[in-house]
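In: I would like the atomic coordinates for the input below:
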Amino acid sequence: MLSSRKRALEQVPSRPRALVLFLLLAALWISTGEVWAGTLGPSSPFHPYIVQGMEEVFSGRFDEALKVTERMIALDPESPVGHFYRGATYWWMFLIDPDNKTVGTKVEENLERAVQKGKKRLDADPNDVEALFYLGGAYGFRARYRIVEARWWGAAWDGRKAKGFLEKVAALEPEWVDTNLGLGMYNYYVDVLPKYFQVLRIVAFIPAGDREKGLAQLRRAMREGIYTRSEARFFLLDIMKDHEKDYVRALQLVRELAGEYPENPFFRLLEVVIHVNRLGRYSEAIRLSEGLLAELENSPFMFADDVAVRAQYYLGKAHFFRGNSPAALNAFETLLAGDPERPQWVIAWANMRLGQVYDMEGRREEALARYRRVLKMREYGETHDAARRWIKKPFGE
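Out: Predicted coordinates:
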């Protein structure tokens, strides 16, 4: 078995968690065609679209979710609702495939439309809760997108705006439980982000967060929300896995999502990740990875190829840390033989791991070729430092 220090060298691409808000839709359209200041919740004519759209997104049927947004926009092109939901749908797609710049562009374009529509509504009525709600949501989603893109100042300002709009909604509609998701995300992540972000927060006059309050708000959104239950569960899973280090709870949450949305293989992939990266349950990870790979061969899931690449990588990684070099070698060579284009971080680490296996088997020249290939790619975690280290000295010595 390899040491925990060596296991810790690997990091997935840096995606600082912060200021992520929620996927909620509501508006009011009366049969005469006149648009009124919107309401929130089941009384909105948009309610059935919201419910259907959320189901499609979490089931991984993104094409169908986008069709729902088209119907929303047709219902009222001047409302922020359809534009926001369309941007949010693309955001969930970007979460799975962050190397896809076309999807990233669509995130920003649609969220910007939602912002402009919401601002126009506020010009007519500063207390329009629907407009306030979607402005908060749009700024929040855009903040997270900009964090992934390392556009820190833009993300910081968007987060600040999101919080202000959502707090006003909470003041005007205190019974609207779903605001707990967005405010909970803000309170938690702003409090736990690294020191460099805290400096940025102070300079930008961004209000402080509150970790405990944020967790309580997220749990309430998961228990009592109208539209936020699955989304809050997902973000709590993310928090338990990456920040709170409550891996048993993270596993429970991901299994709940996988059980509720069996058509979405991304949740089962996350279970594999927890077993490999957090719990060290390699045998279980191997069993789950092999089953997932078999299922993905004929899957209609939009990102089946990307998920399969990751599942193949974690299959190899589980064998690697169990000390089964031949099985790890086969898994990594199979992955790279397909010449996948993304996820780029997986390709970088698969080359790194394959180089390590080659070193362990005494195939030094092949190992060096893999390390040098890693250096030509973007750095993910410690890939470049590790590659340079093992170019100087074979891995395992």
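In: can you list the domains in this protein?
Out: Listed by automatic domain parsing, the domain ranges of the chain are 47-260, 264-392.
In: Among these, show the one with the smallest mean pLDDT.
Out: Ranked by mean pLDDT, these end with domain 47-260 at the bottom, a mean of 92.
In: May I see the domains of the chain organised as TSV, with distance to Gly41 added?
Out: Placement of C-beta: from N, CA and C, glycine included. Listed next are the domains of the chain as TSV, based on distance: least, CB to CB, whole Å:
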stretch	distance to Gly41
domain 47-260	6
domain 264-392	26
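In: And those: which comes nearest Thr39?
Out: Nearest to Thr39 among the domains of the chain is domain 47-260; the distance by CB to CB comes to 6.8 Å.
In: Give me the pLDDT value at Ser44.
Out: 82.
In: So it: helix, strand or coil?
Out: coil (DSSP: H, G, I helix; E, B strand; the rest coil).
In: so what's Tyr282 up against?
Out: For Tyr282, the contact set (CB atoms under 8 Å, 6 or more residues apart in numbering) comprises 275-276, 318-319, 321-322.
In: Next up, identify which helix or strand the residue nearest to it when sequence neighbours are not counted is on.
Out: Nearest residue to Tyr282, sequence neighbours excluded (CB to CB, 6 or more residues apart in numbering): Ala318, at 4.2 Å. For Ala318, the host element (DSSP states H and E) is helix 304-322.
In: That helix: which residues count as buried?
Out: For helix 304-322, the neighbour count (16 or more other CB atoms under 10 Å) marks 304, 306-322 as buried.
In: Same check on stretch 387-395?
Out: 387, 390-391, 394-395.
In: contact partners of that stretch?
Out: Here stretch 387-395 makes contact (CB under 8 Å, 6+ apart) with 352, 355-356, 359-360, 364, 367-368, 371-372, 374-375.
In: if we can go back for a sec, so the residue nearest to Tyr282 touches Ile286, yeah?
Out: Yes - counting by CB atoms under 8 Å, Ala318 touches Ile286, with 4.9 Å between them.
In: how much does the host helix or strand of Tyr85 deviate in direction from helix 304-322?
Out: According to DSSP H and E, Tyr85 maps onto helix 80-96. Put simply, helix 80-96 runs at 40 degrees to helix 304-322, going by axes from the mean of the first three to the mean of the last three CA atoms, to 10 degrees.
In: Determine the number of other residues adjacent to Gly225.
Out: 22 (other CB atoms under 10 Å).
In: try Leu132
Out: 27.
In: who are the neighbours in contact with it?
Out: 118, 122, 165-166, 168-169, 172.
In: Quick one, which of those residues are buried?
Out: 118, 165-166, 168-169.
In: didn't Thr228 look like it was pressed against Gly184?
Out: No - between Thr228 and Gly184 there is no contact under CB under 8 Å: 9.5 Å.
In: more crowded one of these two?
Out: Shown here are Thr228 and Gly184; by other CB under 10 Å, Gly184 has more neighbours (29 against 26).
In: Tell me the spacing between the more buried one and Leu193.
Out: Counting by CB to CB, to the nearest Å, the separation of Gly184 from Leu193 is 15 Å.
In: Provide the backbone phi and psi angles at Pro98.
Out: Backbone geometry at Pro98, expressed as degrees, to the nearest 10, gives phi -70, psi -10.
In: Report the separation between Glu263 and Gly209.
Out: 35 Å.
In: Of these two, give the one with the bigger neighbour count.
Out: Gly209 (24 against 12).
In: May I have the phi/psi pair for the more buried one?
Out: Dihedral angles (degrees, to the nearest 10) for Gly209: phi -100, psi -170.
In: Next, the contact list for Phe94, please.
Out: Phe94 is in contact with 100, 103-104, 107, 145, 148, counting by CB under 8 Å, 6+ apart.
In: That should have said Phe234, apologies.
Out: 253, 257.
In: quick one: it is in a strand?
Out: No - Phe234 is assigned helix when assessed by three-state DSSP, not a strand.
In: Next one: it from Gly53, what distance?
Out: Where Gly53 is concerned, Phe234 sits at a distance of 15 Å (CB to CB).
In: how close does the residue most central in space within the chain sit to Pro265?
Out: For the chain, the residue nearest the mean C-alpha position is Leu95 (4.0 Å; CA atoms, centre = their mean). Look at Leu95 and Pro265: by CB to CB, they are 14 Å apart.
In: what does Asp97 give?
Out: In this view, Asp97 and Pro265 are 13 Å apart by CB to CB.
In: who has more neighbours, these two?
Out: When neighbours are counted by other CB under 10 Å, Asp97 and Pro265 differ, and Pro265 comes out ahead with 22 against 18.
In: That one reaches Val307, doesn't it?
Out: Yes - here Pro265 reaches Val307: they are 5.2 Å apart, a contact under CB under 8 Å.
In: and for these two, which residues touch both?
Out: What both Pro265 and Val307 touch, as defined by CB under 8 Å, 6+ apart, is the set 292, 296, 301.
In: ok, back up a step: can you pull the contacts of the residue nearest to Tyr282?
Out: Here Ala318 is in contact with 275-276, 282-283, 285-286, 289 (CB under 8 Å, 6+ apart).
In: out of the residues you listed, who has the most neighbours?
Out: Ser289 (28 neighbours).
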